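K.L.:
From the sequence below, what's the structure:
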Amino acid sequence: LEKVKSDLEMVLSTVKSKNKQLEDDLKREQQWHEEQEQILDALNRIEEETKTKVEPLSNKRTFHALQNKVLTLKIYKEEILNALGEFLEDHFPLPEEGGSNNKKDSSEKPAVELITLHEILEILINKLISTPHEPYVTINDSFWPPYIELLLRYGIALRHPEDPNRMRLEAFHM
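P.N.:
This next block holds a predicted model:
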């Protein structure tokens with residue numbers, strides 16, 4: 001019995017030491033698991049911060065690309081308007097004062113200063129862009145009638161359906 005008792009005590013102490021060792025291993029594994037979870041949380045936070053930093057950068061790139069396109073379009077618009085102005089000056093000058101008014105006294109000045117076709121088109125374009133809901137311009141004496149007829153005949157401008165003294169630019173952009 002003594003021998004069995006001593007053997008059992010030895011087994012008990014071995015089991016206790018094994019238990020102690022297993023408890024220590026369990027604590028180490030739990031600590032390792034907690035550290036791994038902390039690292040994973042930190043990495044997730046870093047990933048989110050990086051995503052939020054990358055999105056504004058891509059938005060900035062898109063914004064700068066759009067700004068460059070707008071600038072290019074503005075430059076192109078200016079070139080087109082300059083070319084249109086030169087074309088109109090060359091091919092559609094103001095009427096000469098002495099050419100069509102042979103019967104009138106040459107020292108007599110016209111009652112109203114006539115404007116160029118370029119200025120008429122500019123007025124029509126600005127009116128169409130600034131007030132698209134009311135794009136009609138009143139035709140006054142400064143508009144040379146042959147220019148008005150030219151714009152109407154070739155579909156560049158349209159008369160007001162009720163008032164023939166008003167016209168607007170055809171909305172080509174719509």
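K.L.:
chain center to the strand or helix carrying Gln21, what's the gap?
P.N.:
Secondary-structure assignment from DSSP states H and E places Gln21 in helix 2-91. Taking C-alpha atoms, centre = their mean, to the nearest Å, one finds the center of helix 2-91 at 31 Å from the center of the full chain.
K.L.:
Please apply the same query to stretch 118-129.
P.N.:
25 Å.
K.L.:
Which positions in it come out as buried?
P.N.:
Neighbour-count burial for stretch 118-129 flags His118, Glu119, Ile120, Leu121, Glu122, Leu124, Lys127, Leu128 (criterion: 16 or more other C-beta atoms under 10 Å). Any C-beta I mention is one placed from the backbone N, CA and C, and that applies to glycine too.
K.L.:
From the residues you listed, pick the one nearest Thr138.
P.N.:
Nearest to Thr138, judged by C-beta to C-beta, of these is Lys127 at 10.1 Å.
K.L.:
wait, is that closest one part of a helix?
P.N.:
Yes - secondary structure assignment places Lys127 in a helix (DSSP: H, G, I helix; E, B strand; the rest coil).
K.L.:
which residue is nearest the centroid of the protein?
P.N.:
The centre of the chain sits closest to Leu66, judged by C-alpha atoms, centre = their mean, with a distance of 5.8 Å.
K.L.:
Would you mind listing where the protein has pLDDT under the threshold?
P.N.:
97-110, 173-174 (pLDDT under 70).
K.L.:
try 80
P.N.:
Low-confidence segments of the chain (pLDDT under 80): 52-60, 94-112, 172-174.
K.L.:
I'd like to know how many residues surround the nearest residue in space to Ile156 that is not next to it in sequence.
P.N.:
Spatially, and ignoring its direct neighbours in sequence, Ile156 is nearest to Glu170 (6.0 Å; C-beta to C-beta, 6 or more residues apart in numbering). Neighbour count for Glu170, taken as other C-beta atoms under 10 Å: 17.
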